[in-house]
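Undergrad: have a look at this prediction, sequence included:
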Amino acid sequence: MSVIKSKRGESEMEFIHTARQLQIHTIQKCVGFPKRYTFYVSQPLAEMATRVHEYVKCANSVYPVNQHEVQMRRDYLLRANAELNSMVSQIEVANELFGIEGDKMKFWLDIVEKEIRLVKGTLKKDRERYKDLPS
């Protein structure tokens with residue numbers, strides 16, 4: 001069954017796609033940074049984006065049937081959220097060091113902010129969805 005385009009909302013699973021998009025975009029940006037900053041800026045940023053993608057994929061792979069599994073899923077999402085918040089700081093450092101153009105910087109931070117919003121939304125929906133599962 002189709003939904004009219006104007007009535008479509010955000011998919012609950014969009015956080016996985018956005019995490020992948022963030023990882024790819026971050027790696028593409030980091031490759032363009034000066035080589036002498038590889039171990040100080042580029043590599044840590046790329047690793048953070050990769051971990052975010054891994055954490056949301058791990059969270060999505062947990063199908064909770066009890067509260068322990070709900071907590072496992074929640075832990076992965078919380079780790080992803082923590083990495084995303086750290087990433088914002090590192091992107092700002094990269095901007096100060098390399099002077100990333102305004103539009104490119106805004107696009108990058110928009111992806112991060114969207115992912116933060118999606119992960120927090122998933123955490124909120126999970127709390128409601130799985131509150132009645134047995135311990």
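TA: Looks like it arrived, so ask away.
Undergrad: which stretches in this structure count as helices?
TA: When secondary structure is read from DSSP state H, the chain shows helices at 14-31, 43-61, 67-98, 102-129.
Undergrad: and the residue nearest to residue 62 when sequence neighbours are not counted, how many neighbours?
TA: Distances taken as Cβ to Cβ, 6 or more residues apart in numbering place residue 73 nearest to residue 62, at 4.2 Å, with adjacent residues excluded. The C-beta positions use only the backbone N, C-alpha and C, and glycine is treated the same way. A total of 20 residues lie near residue 73 under the criterion other Cβ atoms under 10 Å.
Undergrad: quick revisit: closest one to residue 37 among the helices of the chain?
TA: helix 67-98 (6.8 Å; Cβ to Cβ).
Undergrad: any idea of the mean pLDDT for that closest one?
TA: The average pLDDT for helix 67-98 rounds to 96.
Undergrad: chain center to it, what's the gap?
TA: 7 Å (Cα atoms, centre = their mean, to the nearest Å).
Undergrad: could you do stretch 86-103 as well?
TA: With Cα atoms, centre = their mean, you get 17 Å for stretch 86-103.
Undergrad: do the same with stretch 109-119
TA: Relative to the centre of its chain, stretch 109-119 is centred 6 Å away, using Cα atoms, centre = their mean.
Undergrad: same deal with stretch 117-134?
TA: 16 Å.
Undergrad: touching that stretch from outside, list them.
TA: Contact with stretch 117-134 is made by 10, 12, 14-15, 18, 56, 59, 64-67, 70, 73-74, 77-78, 80-81, 84, as judged by Cβ atoms under 8 Å, 6 or more residues apart in numbering.
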